[in-house]
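Q: Fold the following.
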Amino acid sequence: ELTAIIDHLPEARQTLLFSATVPPDIERMARNKLHDPELVILSGDQVGALQIEHFVYWVKRDKVGALVSLIDVEGPESAIVFCNTKDQTHLVAKALKARGHQAAWLNGDLAQNERERVMRDTREGRLRFLVATDVAARGIDISHLTHVINYDFPRDAEAYVHRTGRTGRAGRTGTALSLLTPQDIGALYILRLTYKIRPLERALPLAGELRTREETDIVLTLADAFVASGRSEAARALARRVLTHDNAEELVAGLLAMHLSKNPDLPAEAKARRRQRRGPTEKPTDKAKAAPKAPPRTADNAPVDKAKAAPKARHRAADKAPTDTPPATPAPAPTKTATPTKTAAPAAAATPRPRKRRSSRTTTADGASRPAAGNSDAGKPARRARTPRDAAEAAPAPAAGEHDDAADGVELHVNVGRRHGVRAAALKEILAGGGIDRDAVRRVRVRERYTFVEVSKEILDAALAVLNGASLGEHTIEAGVSSRSR
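A: Next up is the predicted model:
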């Protein structure tokens, strides 16, 4: 289309070409149609999408349900939900409104006056979710957007940059969330190769985790309402008597049900408070300085052509997307027992026990130690080989003061561990779902039967409120301050 327009222009003219990005096609046209062109980059050689957080969630079925769960988890203040087709915008907007969210669709079928009304409601904060196609969203500039959600992953990398660049503006932080299906793997690899954007992978929460999040929101809201104001001594005495009753749980459940029936908006208010507890969306100075910059657009560092980049995607293992799961902490080596000296144990030295020959035992391919043929102990059952997991369980945990910032940290003891299916990432997701900042969780060390979680002192009470009673598979979490931190 641009070539056709240029063909109709007069010979004597001045030509300026403006483009949000400069893909190879535009560079080729500039060389062919312009005389001695100068490339002026006004964005400071930065790809705006590099300065925001990117996360992907894998979905196999029920994308609408996955989107609703994603919104419940992230709690965005305002967002654009991008779809690839007009029909999808109608479907998604209808589903969001059916679940009580303020949402509206925006595509080429919308009349101009309706489009202006929708945009006005979005800018003034009356509309929380705008469901749009790429074409309909062109020219939209909403400074306070906190999230961009890709309900349908874009078909090309440039569209992804356009979409996600709409958040994180004017010194604010931004987050890009994408629902991915197996058909989107190729587009994800092209995005990594072309713009060096590597979204972190996250898992959608289970129904039990969502229920735990809702319960935590209500508990924290009740605490904000009643703890700070204080109660009379008579009221506290009555509360202690209720808690010591044989049916204390039933009594408290009845009181909560009575309170919630009189305040039906409390769950929604609790969810809104969680979004407020996340703090302002202003971008910290250190993060702004640390934001990665895209390299200058030179002949050696031009965006990669899809046809050339696709074969490389199969061979570059280094381009595999990093997950949100931190690397496992290596198990500490088992403590060696000091060999007693002759003066310390003279009796033992007088009657030394015969040492077993090394050749009397053999090691199999699986690492187990077994008696060799002809050994006198062959009839006895072989002892189980000591595994790294046993060593990690038996070895003493690092002291609470081994970190430079340990003075500000508290170690929590959690009653579930590796044998219960616990992963460090799962506990971090539960804490993040309760409004706990990920940076406040210092370290998670999973053991066989229990787990240690180190958090900052400022969020100790909130972390205990989130963890206690949370569901992890078929297990209920119980957490408390570790004895080393008391």
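Q: Mark out where each domain of the chain begins and ends.
A: If you go by automatic domain parsing, the domain ranges for the chain are 2-33, 48-204, 212-264, 393-485.
Q: I'd like those domains laid out as CSV, including mean neighbour count.
A: For every residue, glycine as well, the C-beta is placed using N, CA and C. Below are these laid out as CSV (neighbours: other Cβ atoms under 10 Å):
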stretch, mean neighbour count
domain 2-33, 10
domain 48-204, 18
domain 212-264, 13
domain 393-485, 17
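Q: least reliable of these going by mean pLDDT?
A: Ranked by mean pLDDT, the domains of the chain bottom out at domain 393-485, which scores a mean of 79.
Q: got a list of what residue 456 touches?
A: Contact analysis of residue 456 by Cβ atoms under 8 Å, 6 or more residues apart in numbering lists 408, 409, 410, 440, 442.
Q: Could you list which residues are in contact with the nearest residue to it once chain neighbours are set aside?
A: Distances taken as Cβ to Cβ, 6 or more residues apart in numbering place residue 440 nearest to residue 456, at 4.7 Å, with adjacent residues excluded. When contacts are counted by Cβ under 8 Å, 6+ apart, residue 440 touches 455, 456, 458, 459, 463.
Q: Could you do residue 274 as well?
A: Residue 274 sits next to 75, 217, 220, 434, 435 when contact means Cβ under 8 Å, 6+ apart.
Q: how much space between it and residue 180?
A: As judged by Cβ to Cβ, to the nearest Å, residue 274 and residue 180 stand 26 Å apart.
Q: Also residue 23?
A: For residue 23, the distance to residue 180 equals 23 Å [Cβ to Cβ].
Q: do the same with residue 71
A: Counting by Cβ to Cβ, the gap from residue 71 to residue 180 is 17 Å.
Q: Kindly report the same for residue 225.
A: Distance from residue 225 to residue 180, by Cβ to Cβ: 40 Å.
Q: what about dumping the CA coordinates of the longest helix anywhere in the chain to CSV?
A: Longest among the helix segments of the chain by residue count, using DSSP state H, is helix 207-226. Taking C-alpha atoms only, helix 207-226 is exported to CSV below (Å, rounded to 0.1, in the frame of the first residue of the first chain):
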residue,chain,number,x,y,z
ALA,A,207,-9.3,-24.0,42.8
GLY,A,208,-7.9,-24.6,46.3
GLU,A,209,-5.3,-22.0,45.9
LEU,A,210,-7.9,-19.4,44.7
ARG,A,211,-10.0,-20.3,47.7
THR,A,212,-7.0,-19.8,50.0
ARG,A,213,-6.4,-16.4,48.4
GLU,A,214,-10.0,-15.3,49.0
GLU,A,215,-9.9,-16.4,52.6
THR,A,216,-6.6,-14.6,53.2
ASP,A,217,-8.0,-11.4,51.7
ILE,A,218,-11.0,-11.5,54.1
VAL,A,219,-8.8,-12.3,57.1
LEU,A,220,-6.4,-9.3,56.4
THR,A,221,-9.4,-7.0,55.8
LEU,A,222,-11.0,-8.0,59.1
ALA,A,223,-7.6,-7.5,60.8
ASP,A,224,-7.4,-4.0,59.3
ALA,A,225,-10.9,-3.2,60.5
PHE,A,226,-10.6,-4.5,64.1
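Q: who touches residue 79 in this structure?
A: Applying Cβ under 8 Å, 6+ apart, we find residue 79 in contact with 128, 129, 130, 145, 146, 147, 148, 149, 167.
Q: actually residue 413, not the one I wrote
A: By Cβ under 8 Å, 6+ apart, the residues touching residue 413 are 450, 451, 452, 479, 480, 481, 482, 483.
Q: Recalculate using a threshold of 10 Å.
A: Counting by Cβ atoms under 10 Å, 6 or more residues apart in numbering, residue 413 touches 450, 451, 452, 453, 478, 479, 480, 481, 482, 483, 484, 485.
Q: Show the backbone phi and psi for the closest residue to the fifth one other than its chain neighbours.
A: Spatial nearest neighbour of residue 478, excluding adjacent residues (Cβ to Cβ, 6+ apart): residue 415 at 4.4 Å. As for residue 415, its main-chain torsions (degrees, to the nearest 10) stand at phi -80, psi 0.
Q: can you check residue 444 too?
A: Dihedral pair for residue 444: phi -130, psi 120, per degrees, to the nearest 10.
Q: Next, the contact list for it, please.
A: Listed by Cβ under 10 Å, 6+ apart, the contact set of residue 444 reads 326, 329, 412, 414, 422-428, 431, 451-455.
Q: Moving C-terminal from the helix or strand harbouring residue 194, which element do we reach first?
A: Taking DSSP states H and E as the criterion, the element that holds residue 194 is helix 185-195. Next along the chain after helix 185-195, taking DSSP H and E as the criterion, comes strand 200-202.
Q: Does anything pack onto that next one? Which helices or strands?
A: In terms of contacts (3 or more Cβ pairs under 10 Å, 6 or more residues apart in numbering; DSSP states H and E), strand 200-202 is packed against strand 53-58, helix 63-74, helix 424-433.
Q: got CSV for those, with distance to residue 124 too?
A: Below are the helices and strands packed on strand 200-202 laid out as CSV (distance: least, Cβ to Cβ, whole Å):
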stretch, distance to residue 124
strand 53-58, 26
helix 63-74, 21
helix 424-433, 30
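Q: So for residue 267, which of these sits nearest?
A: Closest approach to residue 267 among the helices and strands packed on strand 200-202 is made by helix 63-74 (11.4 Å; Cβ to Cβ).
Q: ok and the closest one relative to helix 424-433, angle-wise?
A: On the basis of axes from the mean of the first three to the mean of the last three Cα atoms, to 10 degrees, helix 63-74 is oriented at 70 degrees to helix 424-433.
Q: picking up where we left off before, restricted to helices, list the contacts of residue 79.
A: Checking these against helices, none of them qualifies (DSSP H).
Q: Going by distance to residue 65, which of the residues you listed wins?
A: Nearest to residue 65 among those is residue 149, at 14.3 Å by Cβ to Cβ.
Q: Write down the beta-bridge partners of the closest one, one by one.
A: Beta bridges link residue 149 to residue 81, residue 177, judged by DSSP bridges.
Q: what's the distance between it and residue 236?
A: Residue 149 is 46 Å from residue 236, where distance means Cβ to Cβ.
Q: And for residue 430?
A: Per Cβ to Cβ, residue 430 is found 31 Å from residue 236.
Q: do the same with residue 134
A: For residue 134 relative to residue 236 (Cβ to Cβ), the value is 59 Å.
Q: And for residue 410?
A: Taking Cβ to Cβ, one finds residue 410 at 26 Å from residue 236.
Q: Am I right that residue 104 is in a helix?
A: No - looking at residue 104 with DSSP: H, G, I helix; E, B strand; the rest coil, it is strand, so not inside a helix.
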